Structures are given as structure tokens and as C-alpha cells.
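**Student:** can you look at this prediction? I've put the sequence above it.
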Amino acid sequence: MRNRGGIQGVASSPILVGAVTVLVIIVAVFLAYNANNGLPFVSTYNLKAEVPNADALVKGNEVRIGGVRVGIVKSVVPVQHANGRIAAQLSLSLDKNVEPLPVNSTITVRPKSALGLKFLQITPGNSSKGFAAGDTIPVIAAKPEPVDIDQFFDMFDKPTRDAIRQNLAGFGNALAGRGPQLNEAIGALRRLVVHGQPVLRTLVAPSTDFAGFWQALEDFSATVAPVAETNASLFVALDRTFAAFARVSRPYIQETIEKGPGTLDAVNADLPALRPFFDDSARFFTALKPGAKALGETSPIIAKALHAGVPVLNASPVLNAQLQPTAEALVDFQRASGVFNGLNLLIDTNNVLKPAIQFITPAQTTCNYATLTFRNLVNSTSGGTKLGNWLNAITFTPPAGPNSEGSPASAPANGHEPANHLHYNPYPNTASPGQPRSCAAGNELYTSGQTVIGNPPDRITTTTDRQIKGQAEGK
């Protein structure tokens, strides 16, 4: 009876009941107020994360993994790095069951609704190493966020809306009054679908790799994405170009199009006659290319020659004035008696000397023997050693042996000692007609212990002493 009376006494006290009610309400309000910040006395896994742009992410927004809430954003503060870049640093309070978060995880700021609410999406990685409590998820882990609906609607600015309005008006005018044609097109669409089925089956066949086409198209789009602004400027320039064409479309472009068929007929009639000319021109310019290339290389020399020829051209009138008296004197000389007899004798002399000149000329022009002969004559009287010049006679004992030079001989010296062998070329090759093109005199090799008479068969050269010196001097 006492206990029942005590309970009834507490329940019958209005002040005590009111105090308990107020206490319960205060605790409920406190818990509701702190619900977004986490329940008190609950252990959490705290991390920090950096994103390039928080983009309306605020304190109290959710942190989700796979669409499930695993924590909240405690704070959002701006930070500036040493390189001057600005980022947003997020303080995250996560559930303990998330710990440890793999270090190769990624984060994305995503919209929660069309009203602008955001949340932080975490995509855990597969690394065996995780972030410790208090670590910072680097900014490189923040992936680009999806395009929000407000950003999507931002592209419909006033110029775009005006253009859409004009397009709708143009489409309306294009479709107005064309109901029968549209009906016919819809009726023909059935036949298109029927006949298009084989084409579609071919497209979706594995052998066509239709999926690879779309992958290649995606790669192509990714390739041209960096030049999107350039392409946009191209279309702007095309708009200006076609606007200029529109201003002259009538009557100028219209008249050009009207005259096009007649012009095309005339061209078709004239091209067969012009084809040989074009072919000859192509061959001419092909043959001209080496000359043009050589002209480009020799143009500095030609320019110098032209500069040097200017004084000569200035003096040419004087020479031209002297040419006429000279020509008249030559005519008078031709008419003089005895001139033709002298010319005939000169012709006979040339005919007589021609065989000898044919043999003598190569000896000088090819082998330089005449110059070397006069040089050796001069050197024989001026050159020498301390014992005297080269004309002094030196007595020596000839080598002994058969047919040696010290006794009568019946044949060329040919033995007993290596030095007792005759080396003599009485008629050396001088590159004359009928001979090998070689300069044998002075180029014979001395073969010890062997008699050599005549031109050596293994010595074919046109190089002499003076020519070697001339080559060394760049002549």
C-alpha cells in the first residue's frame, strides 16, 4: 500500500511531472540538433580531404560510399598551397567500420537533389595500405564532378534561347502545309524498316565489330576535344563567310550558277584540245626542275658575273665601233691575191703535221712531259748536292755478270747479281692514239733481280710528278 501510495504521489504532483516532461524535451531537442554532427559519445574515424572546388559543399553534408551514408562533413575551409593554388579542405567524420580507407580511393562532390544539395562520394580503392586517422586525402584523389542540373541550364543563355526560337520558327515554316508529304514519308518508313533489317543484322554481327566503331568514335572525339575552341572559331568564321555569300547570292551567285552548265559544256569541248598543251607543260616543267635547281645554286655566281659584266657592256659600244673597220679589213685581206694559196699551204702543212701532233699532244696534255723536260733541263744545271750539280760525271764500276755494261755484250744484262739487270723502256706509252691511256715514262717500277724492257704491263696511270703537285695545290 505504501509503494502504490508513493507512485500515486509522484504522478499526482503536477510540478514533478512537468519537470520530467521538460527534461525529456530538452534531451530530444539536443539529440535532434546534434544528429547532423554525429551522436555524442560515439567513436569516429576522422580524416581530411582536399578538393579543387567544394562547389556548395557545406558543413553537415553527408559522406557516402556506394550510396550509403558513412559520415558527415564537419567543416569546409579554403587553403592555399605553396605554389599559389587554392583548394578546399574538408574535415570528415566517418564511421569506424570504414577504417582504414585505402590510399588509392577517390572522392567526388555530387549533387544530392535538383535543389542544389551536395554530398561527398567516396569510391574505395583496392590498396592494402590505408589512411590513418588524421591523414589528408590528397587533391589528386578528387575526380572531376558530374555536371549539375543548374550548370546544364546555364548553357541556355539569351543568345541560345533566341537561336532555338528561330530554329523552331524555321522548322514550323518548313513543316507547315506538308502534311501529305509527311504521311507519304511515314508510309515509306515501313518499307525502310523491312529492308533495313538485313542491314541491321549485318551491323550487329560480331564480324563487323560495330562496338569497335563506337569505341573508335569515342577516341576520335577525345582527340578533337582539345581543339574544340578552334573548331568553334572555325564555325564562327564560316558563319561570317556564308553571310557574305548571302549578300551577293542574288543576282551574282545566281547568275554564276545559271551560266555554269554552258561553261561546263564549253570546258568539256575544249579540254581534249588543251590536254596536249598540259602534257607538254608538265614535261617542260619536269625537265626544267634540274636547271632551276642548278640556277638556284649558281645564282650568286651569276649575280657576280652580271655585276662584273656591267662595265664591259658600257665599253661595248667602243668595241662595236671597231668591229666594222676590222670586218672590212678582213674582207679586203680575203680579196687580196695569194691569200687562198697561203691558206691552202697552211692546210697541207696541218695535214702533214696531224699524225705527229696526234702523238705529241697527249704527251703534254695528258702526261705533261714537255713541261717536265724543260724543268729537268733547268734543274740539271742549277740543282745538285754539295759535290756539284747534276751534270758532273761520276765514275763508278758497273756490276759484274753476263752481258754487263763493263764488257762487250751479246744480250741485255741479265744476271749473276741483282743489280746486273737491264731496265729500259725505249718507246714508253704517252696516251697517244693506239696506246693505253697511261704515262709510262718515269712511272716504271724498278724490279730488282729481273730484266725489264718496254712498258710494264701492270702500271696503268696518267699521273706524273708535276700533276701530283698540281693536285696538291688544288689546280
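**Tutor:** Yep, it's here.

**Student:** burial count for Tyr369?
**Tutor:** Here the number of neighbours of Tyr369 (other C-beta atoms under 10 Å) works out to 19. Every residue, glycine included, has its C-beta placed from N, CA and C.

**Student:** need the contact list for it.
**Tutor:** 363, 430, 439, 441, 464 (C-beta atoms under 8 Å, 6 or more residues apart in numbering).

**Student:** the residue found closest to the fourth one once you drop the neighbours it is linked to in the chain and Leu377, how far apart?
**Tutor:** In this case it means Ala441. Among residues not flanking Ala441 along the chain, Pro428 sits closest, at 3.8 Å (C-beta to C-beta, 6 or more residues apart in numbering). Distance, Pro428 to Leu377, using C-beta to C-beta, to the nearest Å: 18 Å.

**Student:** picking that back up, by neighbours, which of the contacts of Tyr369 wins?
**Tutor:** Within the contacts of Tyr369, Cys439 tops the neighbour count with 25 neighbours, counted by other C-beta under 10 Å.

**Student:** I'd say that residue and Asn429 touch.
**Tutor:** Yes: contact between Cys439 and Asn429 holds when scored by C-beta atoms under 8 Å: they sit 7.1 Å apart.

**Student:** joint contacts of these two?
**Tutor:** Shared contacts of Cys439 and Asn429 (C-beta under 8 Å, 6+ apart): none.

**Student:** from the contacts of Tyr369, which land in helices?
**Tutor:** Ala363 (DSSP state H).

**Student:** so which of the contacts of Tyr369 is the closest to Leu192?
**Tutor:** Using C-beta to C-beta, Cys439 is the member of these that lies nearest Leu192, at 92.4 Å.

**Student:** looks to me like Ala174 is in a helix.
**Tutor:** Yes: assigned with DSSP: H, G, I helix; E, B strand; the rest coil, Ala174 falls within a helix.

**Student:** which stretch of helix or strand covers Ser407?
**Tutor:** Using DSSP states H and E, Ser407 maps to neither a helix nor a strand.

**Student:** quick check, pLDDT for it.
**Tutor:** As predicted, Ser407 sits at a pLDDT of 80.

**Student:** what of Ala163?
**Tutor:** The model's pLDDT for Ala163 equals 90.

**Student:** the more surrounded of Pro428 and Leu377?
**Tutor:** Between Pro428 and Leu377, Pro428 has the larger neighbour count (other C-beta under 10 Å), namely 19 against 10.

**Student:** tell me how far the lengthiest helix in the chain is from the chain's mean position?
**Tutor:** Counting by DSSP H, the longest helix found in the chain is helix 254-335. Taking the mean of its C-alpha atoms, helix 254-335 sits 37 Å from the chain's own mean (C-alpha atoms, centre = their mean, to the nearest Å).

**Student:** stretch 440-459 too?
**Tutor:** The answer for stretch 440-459 is 61 Å, by C-alpha atoms, centre = their mean.

**Student:** middle-most residue in this protein, spatially?
**Tutor:** Central residue of the chain (C-alpha atoms, centre = their mean): Thr223, 18.7 Å from the mean position.

**Student:** which ones are touching that one?
**Tutor:** Contact analysis of Thr223 by C-beta under 8 Å, 6+ apart lists nothing.

**Student:** and the pLDDT at it?
**Tutor:** pLDDT, Thr223: 87.

**Student:** how close does it get to Glu62?
**Tutor:** Counting by C-beta to C-beta, the gap from Thr223 to Glu62 is 38 Å.
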